[in-house]
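Novice: Pasting the sequence and the predicted model now:
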Amino acid sequence: MIVKNSRYALAVLAVSAPFATPAMAQPRSFNIPSQPASAGIQSFGRQAGVQVLSARRDIVDKRTNAVRGRMEVAEALRQLLGGTGLTARPTGPSTYTVLRAGLMASASYMQDASGASAAPAARAETESSSGDEDIIVTAQKRPETTFEVPIAISVKGGEEIRKRNAQTITDLQYTVPGLSISEFGPGSQRIQFRGVSSGSGLAQIGIYMDEIPLNTEQPDQGPDTRLIDIARVELLRGPQGTLYGQGAMGGTIRYITNDPDPSQASGSALGEVSAIDGGGMDWRGEGVVNVPVVEDRVAVRVAGGYTRLSGWIDNVTTGEERINRGKSYLVRGKLLAKLNEDLTATFMASHQKFSAGANNVADDNQEVEIAGPTLESVRINLFSGVLKYDLGPVTLVSATSWQDRKGVQIADATSSLAPIVELIQGLVPGTIQSFFVDNNNKFRAFSQELRAQYDDGGRFKGIAGVYYRNARSGSQSAERITSSMAFAPGLLSSEQSVGSKSWAVFGDFTYGVLDNLDLSVGLRYFEDQRDLLSTSSTFYAPTRDQGKDTFTAFTPKFNVAWQASDMLNVYATASKGFRSGGFNNTSVGLGLITVPPSYDPDSVWTYELGAKFQTPGNRLTGEVAVFRNVWSDIQALAFAPGQAFSYTVNGAKLAGYGVDAQVSYRPISPLTITLTGGWNSTKYKSTTPEHFEGDRADYAPRYSGSASAEYRFDLASMPSFARIDYQFADGIQVFFRNFQTVPARADTQHFLNFNLGTDVDNWSLQLFVKNILNDYSVTYPAFGSLPYPGRPIPRTFGAQVQTRF
């Protein structure tokens, strides 16, 4: 496959340097005539079974040489480009970048101030992977470098994930400008970008694993994806409604798993132990096995992991210690089959389960008072199949996926519901000793996307496709009461089913007006037919709610990208994101107030001006973006005055400006310093019963940032590194004026982590300390039915060993 859009080099390798990956060393048959470079490079990519990136401005008016016969990929590439003024280097597994020889020479600066020479290529690749450098991404559903993608994007590669010892996206949140995550426990996350955050309606962030959409019907059901055998995490800031559809209002997170490698067998194993301050011992084990089935054609890759969480919160009422202890395990299998030179099939199946005795909520003393055992448990099964057919300038892609999710929750509602029941039933206070609510929920979704990608190396390239999704979620809840008097079942119970059948057509097209100036237009039309059936019993009075409606949206995107030089890329974007509408249970009004049966979609427009820069050798890289969000018809919670229930309405408008920035600097080759920051001024622009004009956005910090330094050195001839990471964020706020008299606020966050690692042959040893400052401040305020605030994991010491084979 050939993609003519990458412009920049990362490390120091000319085409004459050795290509050491096993796939490169396998002889292949070539029959490529001498022809224009765009066609020649494209033919080479198909016949070599590799991905080649180039820039139109670098290969225009160039011709490549004829290549015929059976030879290794590296030799074929040398013959193809010999004497053309072009050169190439490997930029990843089975990936090359072709660029002008002069640019390669300028990129070869990899010496420190004292003039010491660069490390070997393999070491240089590891060093360059410590930050958001020029990694190949598919954020726009075609391979590009991070420097070239004309959107605000952060990429966390596998090497950075390892060195940060990150287990979930929460460990990386403040290193990404504008990102924040409120996490209460396993499978319970509220994720937001750039102040686009709401406690009601569907999710505001699109989440994907490879081609699988992971969003459910709830904004706080993040998948808690474990970063096991992950190639990279792509974090796209700003609306991505054109390519990723409904829910991608504030941005999109894409987990890209490693593909099987049919060229050689390989694997790894990891073991880790850690101790929590005031808690117990955690254990973690992970393993990966890659097995070729048919050499260079078919391979299977299996990854798995198990984590035991010891917990650190005690229940004063029962005397039980570490009630938030739990466990998590994951098994994922992936099959890659190159059916012929042009057709590739990839299948993936994943099973993940995590459970804990309680969420991470507690008082300042790491304690709670609850009447008995609680439970949080989630099981997620994922299946996908992707077919890619390379027809030269056109690539056809079919992506099919299935998600099956089940959750169980046992919640203690004694403090919130028992007094209400006693009051309404005319009982003496204290009659009810405990009041638990058992919740069971499930979610299933099938999706299918068909798209065609066009790129012939000329001025025009584009993507067009269709999308279909059929999803259904269900929930059941019932009370469990311990009391001095008997209660018949059905005092407070409910059962609900919500269905969604949606389809969309979309396109994203780019035209090169000049060699360094691209204009892009994206369009998506979306239609969602939704239905609701809900039955409940409130103080033994049965109720029934039904709803059915169709919601539509049209989401355009406009982009101008100007590559001012080989070191500066400037872009301007106007894009729209949206969420589908939904239904309320009108019966919750109990005849006292009128509850609207449904609410409409909401949408956000973002206007953004950004710039990306890099110096030769990526000694200094970075990007900055200035944006304005305008969020209309926000799906917001409405609270009935004097009543203990809420529903969803389309509320006021939110708008404001913001800035994202990230920069990485290598003053000397062993040292990398990275800074990131994000700020937004998003506020309500009109007054409603829920919010007044000038109120800040709920659930979103106004600012966040990070600073890190990584130093690489040899310890007794063993490659080693020391890394320190600092992250901070403004505390979030929740303020519904028709429910609260004062805002509920979280604290400002300050987290400091340290990692020290060394490699011995195929073994790696890492020592770490997380949350060195032992910051135990409030991450999510106590609000509504949540009697205790959310808390971070206290200071943790640990050691990890890993082997690769």
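Specialist: Here it is on my side, so go on.

Novice: Compute the number of surrounding residues for the spatially closest residue to Met718 that is not a sequence neighbour.
Specialist: Nearest in space to Met718, with sequence neighbours left out and distances taken as C-beta to C-beta, 6 or more residues apart in numbering, is Thr758 at 5.0 Å. C-beta here means a position set from N, CA and C on the backbone, and glycine is covered the same way. Using other C-beta atoms under 10 Å, Thr758 has 18 neighbouring residues.

Novice: Who are the packing partners of the host helix or strand of Thr758?
Specialist: Applying DSSP states H and E as the criterion places Thr758 in strand 749-760. In terms of contacts (3 or more C-beta pairs under 8 Å, 6 or more residues apart in numbering; DSSP states H and E), strand 749-760 is packed against helix 158-164, strand 718-729, strand 763-770.

Novice: Alpha carbons of the shortest one, in CSV - could you do that?
Specialist: So that's helix 158-164. What follows is helix 158-164, C-alpha atoms only, in CSV (Å, rounded to 0.1, in the frame of the first residue of the first chain):
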residue,chain,number,x,y,z
GLY,A,158,3.8,1.7,23.1
GLU,A,159,7.3,2.7,24.3
GLU,A,160,6.0,5.8,26.1
ILE,A,161,3.2,3.7,27.6
ARG,A,162,5.8,1.3,28.9
LYS,A,163,8.1,4.0,30.3
ARG,A,164,5.2,5.8,32.1
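
Novice: correct me, but Val331 touches His351?
Specialist: Yes - taking contacts as C-beta atoms under 8 Å, Val331 lies within contact range of His351: 5.1 Å.

Novice: My reading is that Leu79 is in a helix; is that accurate?
Specialist: If you look again at residue 79, you'll see it is Gln, not Leu. Yes - under DSSP: H, G, I helix; E, B strand; the rest coil, Gln79 sits within a helix.

Novice: and the residue nearest to it when sequence neighbours are not counted, what are its bridge partners?
Specialist: Spatially, and ignoring its direct neighbours in sequence, Gln79 is nearest to Val67 (4.8 Å; C-beta to C-beta, 6+ apart). Assessed by DSSP bridges, Val67 has beta-bridge partners Ile32.

Novice: Offset the numbering so it begins at 35, please.
Specialist: New numbering, starting at 35: the last item is Val101.

Novice: where exactly do the strands run in the stretch 485-634 of the chain?
Specialist: 494-517, 526-548, 551-572, 575-588, 591-599, 602-613, 616-617, 632-633 (DSSP state E, counting those that start in this stretch).

Novice: tell me the average confidence for stretch 361-374?
Specialist: The pLDDT scores in stretch 361-374 average 96.

Novice: buried set for it?
Specialist: 362-364, 366-372 (16 or more other C-beta atoms under 10 Å).

Novice: Which of the residues you listed fall within helices?
Specialist: Among the buried residues of stretch 361-374, no member is found in helices (DSSP state H).

Novice: Those in strands, which ones?
Specialist: 362-364, 366-372 (DSSP state E).

Novice: now those in CSV, with distance to Phe417?
Specialist: Shown next, in CSV, are those (distance: C-beta to C-beta, whole Å):
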residue, distance to Phe417
Ser362, 20
Tyr363, 18
Leu364, 15
Arg366, 11
Gly367, 10
Lys368, 11
Leu369, 12
Leu370, 15
Ala371, 16
Lys372, 21
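
Novice: What is the nearest of those residues to Gln669?
Specialist: Ser362 (31.3 Å; C-beta to C-beta).

Novice: Identify the residues contacting that closest one.
Specialist: 220, 258, 260, 339-341, 343, 386-389 (C-beta atoms under 8 Å, 6 or more residues apart in numbering).

Novice: re the thing from before, nearest to Ala686, of the helices and strands packed on strand 783-794?
Specialist: strand 752-763 (24.9 Å).

Novice: Who are the packing partners of that closest one?
Specialist: Checking 3+ C-beta pairs under 8 Å, 6+ apart, strand 752-763 ends up next to helix 192-198, strand 737-749, strand 783-794.

Novice: Tell me which of the ones you listed sits most buried.
Specialist: Ranked by mean neighbour count, the helices and strands packed on strand 752-763 are led by helix 192-198 with a mean of 20 (mean count of other C-beta atoms under 10 Å).

Novice: Can you give me the buried ones in stretch 429-444?
Specialist: Those would be 429-435, 437, 439-441, 443-444, for stretch 429-444 by 16+ other C-beta under 10 Å.

Novice: now that stretch: mean pLDDT?
Specialist: Mean predicted confidence for stretch 429-444 is 96.

Novice: pLDDT value on the nearest residue to Lys535 once chain neighbours are set aside, please?
Specialist: Counting by C-beta to C-beta, 6+ apart, Gln563 is the residue found nearest to Lys535 once chain neighbours are left out, at 4.8 Å. Listed pLDDT for Gln563 reads 96.

Novice: Gln563 touches Trp537, doesn't it?
Specialist: No - checked against C-beta under 8 Å, the pair Gln563 and Trp537 is beyond contact range at 9.1 Å.

Novice: List the contacts of the closest residue to Pro427 other than its chain neighbours.
Specialist: Excluding its sequence neighbours, the residue lying closest to Pro427 (C-beta to C-beta, 6+ apart) is Asp490, at 3.6 Å. Taking C-beta under 8 Å, 6+ apart, we find Asp490 in contact with 72, 76, 426-427.

Novice: now do Thr830
Specialist: 308-311, 316, 803-805.

Novice: in the protein, what spans have low per-residue confidence?
Specialist: 35-60, 90-91, 94, 125-128, 136-168, 218-221, 253-256, 623-626, 675-678 (pLDDT under 70).

Novice: And the most centrally placed residue in it, how far from Pro273?
Specialist: Nearest to the mean C-alpha position of the chain, by C-alpha atoms, centre = their mean, lies Ile287 at 2.7 Å. Noted for Ile287: a distance of 14 Å to Pro273, by C-beta to C-beta, to the nearest Å.

Novice: Next: Lys387.
Specialist: Counting by C-beta to C-beta, the gap from Lys387 to Pro273 is 33 Å.

Novice: who has more neighbours, the two?
Specialist: More crowded of Lys387 and Pro273, by other C-beta under 10 Å: Pro273, with 32 against 17.

Novice: In the sheet, which residues pair with the closest residue in space to the more buried one that isn't next to it in sequence? Tell me.
Specialist: The shortest distance from Pro273 to any non-neighbouring residue, by C-beta to C-beta, 6+ apart, is to Gly611 (3.0 Å). Assessed by DSSP bridges, Gly611 has beta-bridge partners Val638.

Novice: Pretty sure Gly611 sits against Thr286.
Specialist: No - in this structure, Gly611 is not within contact of Thr286 by C-beta under 8 Å, at 9.4 Å.
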